[in-house]
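Undergrad: Just the structure for this:
(chains A and B)
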Amino acid sequence: AAGVIQSPRHLIKEKRETATLKCYPIPRHDTVYWYQQGPGQDPQFLISFYEKMQSDKGSIPDRFSAQQFSDYHSELNMSSLELGDSALYFCASSPSGGEGTDTQYFGPGTRLTVL
Amino acid sequence: AQKVTQAQTEISVVEKEDVTLDCVYETRDTTYYLFWYKQPPSGELVFLIRRNSFDEQNEISGRYSWNFQKSTSSFNFTITASQVVDSAVYFCALSLFFGNEKLTFGTGTRLTIIP
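TA: Okay, the predicted model is just below:
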């Protein structure tokens, strides 16, 4: 079965640079979520989109922005990167109807390292 | 606000032993979902099980079983006849029932299966 795709899988940036993370949800999933997981920590919710509209916002820094496109893929844009942004960034998707409704299926994550 | 507590930080058991992971949650809402996710050393988050707040029937799926008790706000997860491949960090999580809701994770339990 198709899974959530995230790219790139690994990313190394310098402080103050920008980064763009991409997420391709499972086909026919209309909701996308972004989470940040610091070393040894649990995933923290950043932002979510339903049908290309922002549906909820968590502890996402103002330096970060995200959107969902017409093909349902999503991008997380991160600017003025700081050392503390080094983390594993997960994208998850869920369907709003049918089997698996409201269950979030996660991608493999993007490991961002800021030097 | 929701809160999930996993008091067991680390557990080690010998292969083939049974092991139970504890999860206690807090929410003022009466309808919600509870989840267990597994994060193996490779880093991905794997969905294991989901339970609705209005369904306290406990089930067994292969070597996995879970015990959901609303009276004590607990959602414990048991692995029987543990195997080395079960070694991972296990997260308990909660989301509200309204659709497209974020996950609130516990801090995770690191399970090590000793061969």
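
Undergrad: quick one: furthest residue from the center of chain A?
TA: residue A:98 (23.3 Å; Cα atoms, centre = their mean).

Undergrad: Leaving out chain neighbours, which residue sits closest to that one?
TA: Leaving out its chain neighbours, the residue that sits closest to residue A:98 by Cβ to Cβ, 6 or more residues apart in numbering or on different chains is residue A:28, at 8.0 Å. C-beta here means a position set from N, CA and C on the backbone, and glycine is covered the same way.

Undergrad: Hmm, the one you found is touching residue A:95, no?
TA: Yes - with contact defined as Cβ atoms under 8 Å, residue A:28 counts as touching residue A:95 (6.2 Å).

Undergrad: so how far is the worst-scoring helix or strand of chain B on mean pLDDT off the chain centroid?
TA: Least confident helix or strand, chain B: strand B:60-61 with a mean of 79, by mean pLDDT, DSSP states H and E. Between the centre of strand B:60-61 and the centre of its chain there are 14 Å (Cα atoms, centre = their mean, to the nearest Å).

Undergrad: what lines up beside it in the sheet?
TA: Using DSSP bridges, the strands paired with strand B:60-61 in its sheet are strand B:64-69 (antiparallel).

Undergrad: between residue A:28 and residue A:95, who's got more neighbours?
TA: Each of residue A:28 and residue A:95 has its neighbours counted (other Cβ atoms under 10 Å in any protein chain shown); residue A:95 has more, 18 against 12.

Undergrad: Dump the C-alpha coordinates for the helix or strand of chain A with the lowest mean pLDDT into CSV.
TA: The weakest-scoring helix or strand in chain A, judged by mean pLDDT, DSSP H and E, is strand A:53-57 (a mean of 93). This file holds the C-alpha atoms of strand A:53-57, laid out as CSV (Å, rounded to 0.1, in the frame of the first residue of the first chain):
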residue,chain,number,x,y,z
MET,A,53,-7.0,25.2,4.2
GLN,A,54,-5.2,25.5,7.5
SER,A,55,-7.2,23.7,10.0
ASP,A,56,-5.2,23.9,13.2
LYS,A,57,-1.9,25.5,14.4
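
Undergrad: what does chain B put close to chain A?
TA: Neighbours of chain A within chain B, by Cβ under 8 Å from any Cβ of the partner chain: B:33, B:35, B:37, B:43-47, B:50, B:91, B:95, B:97, B:99-108.
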